[in-house]
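S.K.: sharing a model prediction with you, sequence too.
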Amino acid sequence: MTRRTPDQARELSLLLPKLFLQFFSSTSLVLEDDTGVKAFLVGFHSADNDDVAYIHFVGVDPKLRGQGVARRLYTAFLQRAAEAGREEVRAITSPANTGSIAFHRAMGFDLEEGDREIDGLPVHSDYDGPGQDRVCFYKRIAPRAGS
């Protein structure tokens with residue numbers, strides 16, 4: 001994950017719109033203390049594909065980096081997705097976000113084929129608009145028995 005200054009981390013927490021916690025509260029996770037938000041994962045289950053869940057946005061206070069916080073958030077999200085009968089979890093990041101790419105790989109995510117490569121990574125050109133290339137990840141998970 002990209003390193004951020006404390007001021008940038010505070011700005012990042014401001015990017016956590018209330019709508020995610022209102023409408024995706026069962027799939028979005030927040031770690032906070034009396035000083036505010038320390039980490040969060042915004043995710044949801046696809047409305048169009050009952051097999052897929054998606055991790056949209058993750059942030060961790062720089063002071064908590066390297067302590068397994070993001071791993072715990074991802075693990076909880078993956079578990080909840082499996083319990084809901086989802087079979088795959090997807091996520092994206094920028095090709096420049098080498099920390100995020102390494103993290104997703106370490107979490108067992110595979111890279112989806114793209115339409116070109118950057119530094120050996122498959123990339124989807126203009127994924128989020130002109131010039132907004134993205135690396136796409138997926139992870140197959142086993143749904144809960146009986147789902």
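M.R.: Looks like it came in fine.
S.K.: tell me which residues are up against the longest helix seen in the chain.
M.R.: In the chain, with assignment by DSSP state H, the single longest helix is helix 69-83. Outside of helix 69-83, the residues within contact range by CB atoms under 8 Å, 6 or more residues apart in numbering are 1, 26-27, 29, 31, 38-41, 43, 45, 53, 55, 58, 60, 89, 103, 107, 139, 141-144, 147. Where you see a C-beta, it was placed from the backbone N, CA and C, and this is true even at glycine.
S.K.: of those, just the buried ones, ChimeraX syntax please.
M.R.: In ChimeraX syntax, the buried subset of those is picked out as below (16 or more other CB atoms under 10 Å):
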select :1,27,29,38,39,40,41,43,45,53,55,58,60,89,103,107,139,141,143
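S.K.: now, the contacts of helix 69-83 that are in strands?
M.R.: Residues of those located in strands (DSSP state E): 29, 31, 38-41, 43, 45, 53, 55, 58, 60, 89, 139.
S.K.: and the closest residue to Glu117 other than its chain neighbours, how many neighbours?
M.R.: Counting by CB to CB, 6 or more residues apart in numbering, Glu117 lies nearest to Val123, which is 6.4 Å off, once chain neighbours are set aside. Each residue near Val123 was counted by other CB atoms under 10 Å, and the total is 21.
S.K.: which residues touch the residue nearest the centre of the chain?
M.R.: With distances taken as CA atoms, centre = their mean, Ile55 lies nearest the centre of the chain, 3.7 Å away. Ile55 sits next to 41-43, 74, 77, 89-91 when contact means CB under 8 Å, 6+ apart.
S.K.: equivalent analysis for Gly108, please.
M.R.: By CB under 8 Å, 6+ apart, the neighbours of Gly108 are Lys139.
S.K.: look up phi and psi at it.
M.R.: phi 90, psi 10 (degrees, to the nearest 10).
S.K.: measure it to Gly59 for me?
M.R.: 21 Å (CB to CB, to the nearest Å).
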